[in-house]
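# Turn this into a model:
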Amino acid sequence: FDPLIPWPSERWDHASTIISFNRKYGIPEVMVVLGGDGTPDCWLLDTHRKAWTEIHLPDIAVDRHVHSLSTFCLGPHCIWLVIFGGRKGIKYLNDTCVVKLVYNDSEWIVNEVMDSEALVKAEEEHRQFRQRRKRLTKQLSISSATIAQNRIAAVQKVQRARTIMIPDLLHCDF
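Model prediction:
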């Protein structure tokens, strides 16, 4: 054991998960170890290099034990760590926390951390966005239909004007 090499402390009641991608993306397989009784931290183990890296997360994400931890892949360079429930001391937690990790320049970087309240707010904003998009799409389709009808009406007017003008021209005295 080399004290100069970072290494997580011993722990129990923690959670862990694997981040695993196809090697073609150049991203090493990583094991994530998060929290535990008296260990509010998060560590990544690069299983290829056998090296630990600590990532710093707010207490809302790591200060818990007997919780669950899963990964949700958004793409080869972006994953969510989904943390649910557990305990903080003797208090039972019934919350969800999402940590967005991005792989950039050969390291995992914390991009965003959302607790239950932020997740609910993000869902509400997304719902409002979908409603706004639906309303605008409907307005756009009505506008497009109106424009198309106006164009057809204009073409018909021009055609009628031509049919009226051509016979009149034939009967004119020059």
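# and the lengthiest helix in the chain, what other elements does it pack with?
When the chain is parsed with DSSP state H, its longest helix is helix 116-170. On a contact count with 3 or more CB pairs under 8 Å, 6 or more residues apart in numbering; DSSP states H and E, helix 116-170 meets strand 91-104. Just so you know, the C-beta spots here come from the backbone N, C-alpha and C atoms, and that holds for glycine as well.
# What strands line up against the strand it packs on, and which way round?
strand 78-88 (antiparallel), strand 107-114 (antiparallel) (DSSP bridges).
# What ranges in this structure fall below the confidence cut-off?
When residues are selected by pLDDT under 70, those of the chain lie in 1-3, 22-23, 142, 161-174.
# any idea which of the strands paired with strand 91-104 is most buried?
strand 78-88 (a mean of 19; mean count of other CB atoms under 10 Å).
# what angle sits between that one and helix 116-170?
Taking axes from the mean of the first three to the mean of the last three CA atoms, to 10 degrees, strand 78-88 and helix 116-170 form an angle of 150 degrees between their directions.
# Check the gap between residue 101 and residue 153 for me.
57 Å (CB to CB, to the nearest Å).
# swap that for residue 31, please
68 Å.
# neighbour-wise, which of the two wins?
Neighbours were counted for residue 31 and for residue 153 using other CB atoms under 10 Å; residue 31 has more, 15 against 10.
# Tell me which residue lies nearest the centroid of the protein.
The residue lying closest to the centre of the chain (CA atoms, centre = their mean) is residue 74, at 6.7 Å.
# So what sits opposite the nearest residue to residue 54 once chain neighbours are set aside in the bridge?
Nearest non-adjacent residue to residue 54, counting by CB to CB, 6 or more residues apart in numbering: residue 43, 5.4 Å away. Applying DSSP bridges to residue 43 gives these bridge partners: residue 33, residue 54.
# Next up, the contacts around residue 43.
Going by CB atoms under 8 Å, 6 or more residues apart in numbering, residue 43 touches 8, 32, 33, 34, 52, 53, 54, 55.
# ok, of these, which come out buried?
Among the contacts of residue 43, those classed as buried by 16 or more other CB atoms under 10 Å are 8, 32, 33, 34, 55.
# does the first one sit in a helix, a strand or a coil?
Look at residue 8: counting by DSSP: H, G, I helix; E, B strand; the rest coil, its state is coil.
# residues in contact with it?
Residue 8 neighbours (CB under 8 Å, 6+ apart): 33, 39, 41, 43, 52, 54.
# just to revisit the earlier point, dump the residue contacts of the residue nearest to the centre of the chain.
Counting by CB under 8 Å, 6+ apart, residue 74 has contacts 80, 100.
# gap between it and residue 131?
Computed with CB to CB, the distance linking residue 74 and residue 131 is 24 Å.
# Would you mind naming the residues that bridge with the closest residue to residue 58 other than its chain neighbours?
Closest residue to residue 58 apart from its sequence neighbours, by CB to CB, 6+ apart: residue 113 at 5.7 Å. In this entry, residue 113 is beta-bridged to residue 99, by DSSP bridges.
# Many thanks, I have nothing further to ask.
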